[in-house]
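A.B. asks: I'd like to go over a predicted model; first the sequence, then the structure.
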Amino acid sequence: MIDGGLFLGRNPSTGLSLEPENLIRRLNEQGISTAIVSSYKSLFFDSREGNDDVLDLAEEFPDRILPAIMMNAFNYDVMADANYFRDMRQQGARVFSILLSPVYYDIHLDSRLLRHMAHEAAKAGLVVQLGIRNPTDFRIALDFYSDMKAPVLIRWMTGRNYDYLGEMILAIKHTDHFYFDVGSLLNPGGIKLLIERGGADRLYYCSNQPEALPYSSLALFEAAKISEGDREKIGHRNLEKIFGLTSTPTIPLPQAWKNRWKEILKYPKIDTHFHIDGWNLMEPEHDPVFFQEYFDHYGYEKIVISSIRGLNDDIVRANEETAKLIASKEGHYGLITLDPNRTELSIQQLKMHGKNKKFVGLKTIQDAYKLPLNADSYVKIFKANVASFKLPVMAHIPGMLEAAKQFPKLNFICAHSTWGRVGHFAKQKNIFFDIATSHHDAHETRLDQLMKAAGEDRILYACDAQLLHPAWTMGKIASYSFAPATLKKIFQTNAQKAFPRLK
């Protein structure tokens, strides 16, 4: 396997690091034969010195490293540096990377100077890589670099690639030199759909370490339901062709990783964050017909469902549909959706469905209503809940800490928890932490820190299905060395504490 992007050295803003000896060891641990590598030093201190470090590493490990140089546009003199890219190519550089995250100086892909640099790099024989963060970056990359006379590798720097499928299909259709990283293509069936629409010849794998957790992308890619031929193209053959490599070293996936993944799969799991309906996106496998695969392959025992219709449209119809589904399916449980703009109706829904023991909690996305969770309308609903049922409340972050303090008899489940977002919630004992996130940012996630602060009894496995693939969250968990007893709590028993009706 060839990895489309790692960093050498240390990110001074976060402390994340990957020194030469650890970089090669990490490649071996993940079955990665070769990697495109650029230097943190090139971003944060001195581009030329950082580029030299990468070239030195490639000289030491010529079969393992494809050196990627970077250049701060504010320190590039079109007159004095006219031959810089040619000189770098002669010294062994293979890629010119323009990465929009992490950064020290702001970078603008539509800069005339930056585009000039990219063209100069291409003329020197370098592959150009654009590291993007969001749909705007994606659009600018396609609009301003479509005339490149070299392969352009699009690399996702921040995860959260579940809403780009349509753009990627269009880009594959209308370009012939853009290639797309699938290391954070999170939709269940997303990689398969992209292959069906445009083929596998323009896709490649990238883990973005150490900015990202090491096993999230690997687990996602291994879980894709694609042919072995297509897997080989994405895994290494496409990049081999781009770089003119006749062969790369064979580094099999280590048995230690295979054993670890088997261990993760075998644990009985309660997924506390599951959805029916869809988010009005291109979601290839969001229909309930696909749910059974999770039970069969990923060790699912129970799922806790909330209706997207109830969150974004009609709570009455949504709660009725959820009630029918959970009544008909063993292991399926529901959350009653609330609307703080229809307080009395929400209380009626609570009283109607709260008696149904297969409804195990309440669900709202308070920021969708531009309200904190301790807003007066929510307080009225929660008072009715305390008086009648004491059902747990799953919601987003705004106002949760204040609501949890105001209602100490209720359990609150904080969706999409990371240390960086909600570490300050750790001391509030009635808050549980759902760890489903659409990014794999290592510095923000820090599950070990969150667990250390909150204790291992309040961390909940969740994957935000069907929006995200379960292998994504499982891969993040596999990136930590949690003990078996801790994994059992994360995957199963903590959910039973957070949602007592699951017992």
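C.D. replies: All right, it came through fine.
A.B. asks: point out where the chain drops to low pLDDT.
C.D. replies: For the chain, not a single residue meets the criterion pLDDT under 70.
A.B. asks: taking the centroid of it, which residue is nearest it?
C.D. replies: Nearest to the mean C-alpha position of the chain, by Cα atoms, centre = their mean, lies His439 at 3.0 Å.
A.B. asks: not counting sequence-adjacent ones, nearest residue to that residue?
C.D. replies: Closest residue to His439 apart from its sequence neighbours, by Cβ to Cβ, 6 or more residues apart in numbering: Gly159 at 3.3 Å. Any C-beta I mention is one placed from the backbone N, CA and C, and that applies to glycine too.
A.B. asks: can you tell me the SS state at that neighbour?
C.D. replies: Here Gly159 is recorded as coil under DSSP: H, G, I helix; E, B strand; the rest coil.
A.B. asks: pretty sure it is touching Asp181, no?
C.D. replies: No - the pair Gly159 / Asp181 is not scored as a contact, 11.0 Å apart, by Cβ atoms under 8 Å.
A.B. asks: let me see the ranges of the strands in the stretch 101-250 of the chain.
C.D. replies: Under the criterion DSSP state E, counting those that start in this stretch, the stretch 101-250 of the chain contains strands at 127-132, 152-156, 178-181, 203-204.
A.B. asks: please convert those to CSV, extending it with distance to Leu213 and mean neighbour count.
C.D. replies: Below are the strands of the stretch 101-250 of the chain laid out as CSV (distance: least, Cβ to Cβ, whole Å; neighbours: other Cβ atoms under 10 Å):
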stretch, distance to Leu213, mean neighbour count
strand 127-132, 18, 25
strand 152-156, 14, 24
strand 178-181, 16, 23
strand 203-204, 19, 24
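A.B. asks: may I see the buried residues of stretch 9-25?
C.D. replies: By 16 or more other Cβ atoms under 10 Å, the buried positions in stretch 9-25 come out as 9-11, 16, 18, 20, 23-24.
A.B. asks: what's the end-to-end length of it?
C.D. replies: With Cα to Cα, to the nearest Å as the measure, stretch 9-25 spans 14 Å from end to end.
A.B. asks: show me the contact partners of that stretch.
C.D. replies: Contacting residues not belonging to stretch 9-25 are listed as 6-8, 26, 35, 37, 39-41, 44, 50, 53, 57, 60-61, 64, 102, 209-211, 442-443 [Cβ atoms under 8 Å, 6 or more residues apart in numbering].
A.B. asks: out of the residues you listed, which are inside helices?
C.D. replies: Residues of the contacts of stretch 9-25 located in helices (DSSP state H): 26, 40-41, 44, 50, 53, 57, 60, 442-443.
A.B. asks: just the buried residues from the residues you listed, in ChimeraX please.
C.D. replies: Applying 16+ other Cβ under 10 Å to the ones in helices among the contacts of stretch 9-25, the buried members can be selected in ChimeraX as follows:
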select :26,40,41,44,50,53,57,442,443
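A.B. asks: just to revisit the earlier point, how far away is the residue nearest to the centre of the chain from His416?
C.D. replies: Distance, His439 to His416, by Cβ to Cβ, to the nearest Å: 10 Å.
A.B. asks: now the helices: where do they sit in the stretch 1-150 of the chain?
C.D. replies: 20-29, 40-44, 47-60, 84-90, 112-123, 135-144 (DSSP state H, counting those that start in this stretch).
A.B. asks: tell me which of those helices is the most buried.
C.D. replies: Stretch with highest mean neighbour count among those: helix 40-44 (a mean of 23; mean count of other Cβ atoms under 10 Å).
A.B. asks: quick one, what contacts Ile413?
C.D. replies: Neighbour list for Ile413: 272, 361, 392-395, 431-434, 460, 498-499 [criterion: Cβ under 8 Å, 6+ apart].
A.B. asks: out of these, who has the most neighbours?
C.D. replies: Greatest neighbour count in the contacts of Ile413, by other Cβ atoms under 10 Å, goes to Thr272: 30 neighbours.
A.B. asks: next, it: phi, psi?
C.D. replies: The phi/psi pair for Thr272 (degrees, to the nearest 10) reads phi -90, psi 0.
A.B. asks: isn't it up against Asn411?
C.D. replies: No - using Cβ under 8 Å, Thr272 is not in contact with Asn411, being 11.3 Å away.
A.B. asks: now list whatever residues contact both of those two.
C.D. replies: Contact criterion Cβ under 8 Å, 6+ apart; residues shared by Thr272 and Asn411: 498-499.
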